[in-house]
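Trainee: below is the structure, and that's it, no one-letter string:
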């Protein structure tokens with residue numbers, strides 16, 4: 001969650017964000033590329049851990065209660081994406097366009113999972129693996145136009161923009177592979193059930209993580225199935241490695257998921273130990289994930305307004321009429337260097353810590369009496 005904020009600060013503050021994609025090897029450099037690449041781990045790990053959390057939540061309840069919670073939480077997340085998160089990104093209260101990103105994807109995936117939990121656990125796992133491993137078979141399928149079928153296909157698999165006369169929406173996170181990641185996380189939640197041997201769990205996570213990384217390297221090496229963006233040898237070794245790592249996120253390819261969840265599984269295995277003073281502080285953000293997510297977007301955008309004023313632009317230029325900061329013509333020439341981006345990122349995390357710590361205490365003290373806190 002802390003790493004995620006780097007990318008969002010970069011969107012609002014970095015001068016290159018207005019000129020080119022940070023993974024464009026013809027224009028990027030090593031620090032900019034890896035500033036973007038490291039954040040690739042965020043979305044799949046969020047959704048995978050959400051699946052584990054769903055299992056642990058259901059372990060103390062019956063299937064009907066868990067299904068209801070997942071269904072209603074999914075609806076809440078879709079609503080939050082459309083009307084709260086969008087407002088944070090734009091500071092524009094007119095809702096003539098929507099931008100469907102990770103919160104929407106988690107919400108839709110939870111709605112689907114609310115039905116999947118009635119399936120046999122092995123079928124849940126198999127479905128998750130199938131959605132992750134086989135969805136790239138659909139990469140050559142395209143539905144043109146702005147009709148209902150093309151919108152549905154974009155919701156499921158193909159990231160697209162839909163622009164109408166008075167309304168538009170941008171589907172950044174097609175849901176098929178994300179449903180698979182959430183389902184796999186739900187199955188892996190059984191490894192954390194009370195009484196499950198911790199050493200066995202850690203060995204299993206480590207082995208599966210190592211296997212995922214190995215499979216990523218093997219499949220990526222041959223430029224075959226699993227990612228439409230092939231790698232190639234570049235001008236030097238470092239850029240060749242960057243090309244190798246430059247896999248597709250929208251929607252996440254099989255290679256993207258292997259590349260991110262493989263190291264994540266190893267990290268889960270190695271980090272399962274008592275909290276120390278530092279990790280205890282960091283864990284505060286994880287206990288209030290939705291609160292942190294919404295707060296960090298509003299805070300970054302507010303700081304960006306200060307940034308444009310300092311840079312000599314009008315504050316109103318940061319009230320966005322489109323879905324992306326770098327599509328605002330009035331902000332041409334705006335932006336700061338990468339060091340400034342990292343300084344703002346550190347400031348955002350430090351400013352949010354006491355706020356998240358307060359909300360965490362409030363949530364712990366009142367969760368039994370205030371039902372809505374379960375959705376935060």
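Mentor: Received it, and whenever you're ready, just let me know what you need. Being a predicted model, the structure only gives us computed values, none of them experimental.
Trainee: show me where this protein has strands.
Mentor: 97-100, 160-163, 168-171 (DSSP state E).
Trainee: now these as TSV including mean neighbour count and mean pLDDT?
Mentor: C-beta: built from backbone N, CA, C; applies to glycine. Below are these laid out as TSV (neighbours: other Cβ atoms under 10 Å; pLDDT from 0 to 100):
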stretch	mean neighbour count	mean pLDDT
strand 97-100	22	90
strand 160-163	15	91
strand 168-171	19	91
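Trainee: reformat those strands as JSON lines; add distance to residue 21.
Mentor: Below are the strands of the chain laid out as JSON lines (distance: least, Cβ to Cβ, whole Å):
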{"stretch": "strand 97-100", "distance to residue 21": "17"}
{"stretch": "strand 160-163", "distance to residue 21": "16"}
{"stretch": "strand 168-171", "distance to residue 21": "16"}
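Trainee: wait, which of the ones you listed is closest to residue 349?
Mentor: Closest of these to residue 349 is strand 97-100, at 23.8 Å (criterion: Cβ to Cβ).
Trainee: confidence score at residue 329?
Mentor: In this model, residue 329 is scored at 84, pLDDT.
Trainee: please apply the same query to residue 309.
Mentor: Reported pLDDT for residue 309: 96.
Trainee: wouldn't it be in contact with residue 318 here?
Mentor: No - Residue 309 is beyond contact range of residue 318, at 9.0 Å (criterion: Cβ atoms under 8 Å).
Trainee: which of the two has more residues huddled nearby?
Mentor: A direct count of neighbours by other Cβ atoms under 10 Å for residue 309 and residue 318 places residue 318 higher, at 24 against 13.
Trainee: ok, for that one, nearest residue in space, not its chain neighbours?
Mentor: Leaving aside its sequence neighbours, residue 318 sits nearest to residue 305 (Cβ to Cβ, 6 or more residues apart in numbering; 4.7 Å).
Trainee: contacts only, for that neighbour.
Mentor: 91, 315, 318 (Cβ atoms under 8 Å, 6 or more residues apart in numbering).
Trainee: show me which of those is closest to residue 257.
Mentor: Using Cβ to Cβ, the contacts of residue 305 come closest to residue 257 at residue 91, 33.3 Å.
Trainee: residues near that closest one, how many?
Mentor: Neighbours of residue 91 under the rule other Cβ under 10 Å: 16.
Trainee: what's it in contact with, if anything?
Mentor: Neighbour list for residue 91: 301, 305, 318, 319, 320 [criterion: Cβ under 8 Å, 6+ apart].
Trainee: pipe those residues into TSV and attach distance to residue 166 per row.
Mentor: Below are the contacts of residue 91 laid out as TSV (distance: Cβ to Cβ, whole Å):
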residue	distance to residue 166
301	25
305	27
318	24
319	19
320	17
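Trainee: among the residues you listed, which are in helices?
Mentor: Those of these mapping onto helices are 301, 305, per DSSP state H.
Trainee: mind listing what the residue of the chain positioned farthest from its centre touches?
Mentor: Computed with Cα atoms, centre = their mean, the residue of the chain farthest from its C-alpha average is residue 312, at 32.8 Å. Applying Cβ under 8 Å, 6+ apart to residue 312 gives no contacts.
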